[in-house]
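Asks: Could you work out the structure for the sequence below:
(chains A, B, C and D)
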Number of protein chains: 2
Amino acid sequence: MAKKDDFDLEDFLPYLLNQAAEESSMAFQRVYKGRYGMLRNEWRVLFHLGNYGQMTAKEIGTRARMHKTKISRAVSKLEKRRFLTRTKDDEDRRVEHLNLTATGQAAYRDLHSVAKTYDQKLSALFPVAEAKMLRNMLRRLSGIE
Amino acid sequence: MAKKDDFDLEDFLPYLLNQAAEESSMAFQRVYKGRYGMLRNEWRVLFHLGNYGQMTAKEIGTRARMHKTKISRAVSKLEKRRFLTRTKDDEDRRVEHLNLTATGQAAYRDLHSVAKTYDQKLSALFPVAEAKMLRNMLRRLSGIE
DNA sequence: ACTTAATAGTTGATTTTGTAACTAACAACC
DNA sequence: GGTTGTTAGTTACAAAATCAACTATTAAGT
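Replies: Numbering: from 1, shown residues only, chains lettered A, B, ... in the order given. Here you go, the predicted model:
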């Protein structure tokens, strides 16, 4: 019996995106969780600081599109584990500048290298041009309103 | 100052996938939440039953890759709201067959049509061939182990 | 038949998230 | 300079996810 409708749940882009996102996050999650007991938000904050250097919580939130409470909690945990330090801005004392400690940087380098390898493995599923196109399409989809 | 490393966080596929998934889910979430007070898991169960007809919780879990506790709770809520009914299997009385009620089917049809329209809008961001390729790539990424 | 293992689904305790209200600091306006 | 508004970040409480333990039923091995 053929489907009476041509639009199948498994063609629904948000669904496909979710499945792919979840599946592809899993393997990597096991690494940062296993090695450093980190949660996803903590890893994201770590990665942003490692990648872009000193940032404020606000800046991370804007870039990563994370809500400020997520960042606040992630920063607290990372601070408790001595992965980062805070320093108040002199001119605007509401603002805190976040910096990775040596420990944090080591963790970042480690995870960065795992991520890079993993990304290459995923990308290798497709021809180079297609993998590049995929990234562009995903970026485009992220910018919808 | 150029980046010292060629691998940027914003190129990381799991990250891009998550952003795109989250962004594209949001608009649709507002609909099923607003119209029917549903959560994502409830919508997923509803959609599976609407799409494939009678199923067991186990079958839904396998197809949608949802954990059984999520399904159990989603099914309870949908049952409470009279969107579905359960019937015990005669041969194996552990198994419950789930079916949408008329109300459930109406909700499904409504949301299905919204999803279809929304999917077309998303797909229209790209040429037809590319949109098709995107789906294929996402399916491929979902099947990684 | 009887013990052990496996399976479908539920429940409860803990962790994590989400939402909203909050503090503290700055800015703008009059 | 005092009122009002805005912004950075935190905290408290409710909602939801996770993980392990649980019930009930079936299957398998002896």
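Asks: quick one: is the strand or helix carrying residue A:16 near chain B?
Replies: Take DSSP states H and E as the rule and residue A:16 turns out to sit in helix A:13-36. Yes: contact of helix A:13-36 with chain B (Cβ under 8 Å from any Cβ of the partner chain) involves A:13-14, A:16-25, A:27-28. From N, CA and C alone the C-beta is placed, and that goes for glycine too.
Asks: Filter those down to the buried ones and hand me the PyMOL line.
Replies: Listed next is the PyMOL selection for buried residues among the residues of helix A:13-36 next to chain B, using 16 or more other Cβ atoms under 10 Å in any protein chain shown:
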select buried, chain A and resi 13+14+16+17+18+19+20+21+22+23+24+25+28
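Asks: and the next helix or strand after the helix holding residue A:16, does that touch DNA strand C?
Replies: Of the helices and strands lying after helix A:13-36 in sequence (DSSP H and E), the nearest is helix A:40-52. Yes: using Cβ under 7 Å from any atom of the strand, we find that helix A:40-52 touches DNA strand C at A:40-41.
Asks: Which neighbouring elements make contact with helix A:40-52?
Replies: helix A:13-36, helix A:57-64, helix A:68-80, strand A:84-88, strand A:96-100, helix A:102-123 (3 or more Cβ pairs under 8 Å, 6 or more residues apart in numbering or on different chains; DSSP states H and E).
Asks: Same list, the residues of helix A:13-36 next to chain B, but as TSV with pLDDT please.
Replies: Shown next, in TSV, are these (pLDDT from 0 to 100):
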residue	pLDDT
A:13	96
A:14	96
A:16	96
A:17	96
A:18	95
A:19	95
A:20	96
A:21	96
A:22	94
A:23	93
A:24	94
A:25	94
A:27	91
A:28	95
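Asks: which one of the residues of helix A:13-36 next to chain B is nearest DNA strand D?
Replies: Closest approach to DNA strand D among those (Cβ to the nearest atom of the strand): residue A:22, at 8.8 Å.
Asks: wait, the closest one sits on residue B:64?
Replies: No: judged on Cβ atoms under 8 Å, residue A:22 makes no contact with residue B:64 at a distance of 10.7 Å.
Asks: returning to what we had before: which stretch among the helices and strands packed on helix A:40-52 comes nearest residue B:141?
Replies: Closest approach to residue B:141 among the helices and strands packed on helix A:40-52 (Cβ to Cβ): helix A:13-36, 4.0 Å.
Asks: ok so, going back, from the helices and strands packed on helix A:40-52, which stretch is densest packed?
Replies: helix A:13-36 (a mean of 19; mean count of other Cβ atoms under 10 Å in any protein chain shown).
Asks: What helices and strands are in contact with it?
Replies: Partner elements for helix A:13-36 (3+ Cβ pairs under 8 Å, 6+ apart): helix A:40-52, helix A:102-123, helix B:13-36, helix B:102-123, helix B:128-142.
Asks: Mind putting the ones you listed into a markdown table with distance to DNA strand D?
Replies: Below are the helices and strands packed on helix A:13-36 laid out as a markdown table (distance: least, Cβ to the nearest atom of the strand, whole Å):
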| stretch | distance to DNA strand D |
| --- | --- |
| helix A:40-52 | 10 |
| helix A:102-123 | 16 |
| helix B:13-36 | 9 |
| helix B:102-123 | 17 |
| helix B:128-142 | 17 |
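Asks: okay, the ones you listed in JSON lines with distance to residue A:59 next?
Replies: JSON lines is the format used below for those (distance: least, Cβ to Cβ, whole Å):
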{"stretch": "helix A:40-52", "distance to residue A:59": "8"}
{"stretch": "helix A:102-123", "distance to residue A:59": "17"}
{"stretch": "helix B:13-36", "distance to residue A:59": "17"}
{"stretch": "helix B:102-123", "distance to residue A:59": "29"}
{"stretch": "helix B:128-142", "distance to residue A:59": "30"}
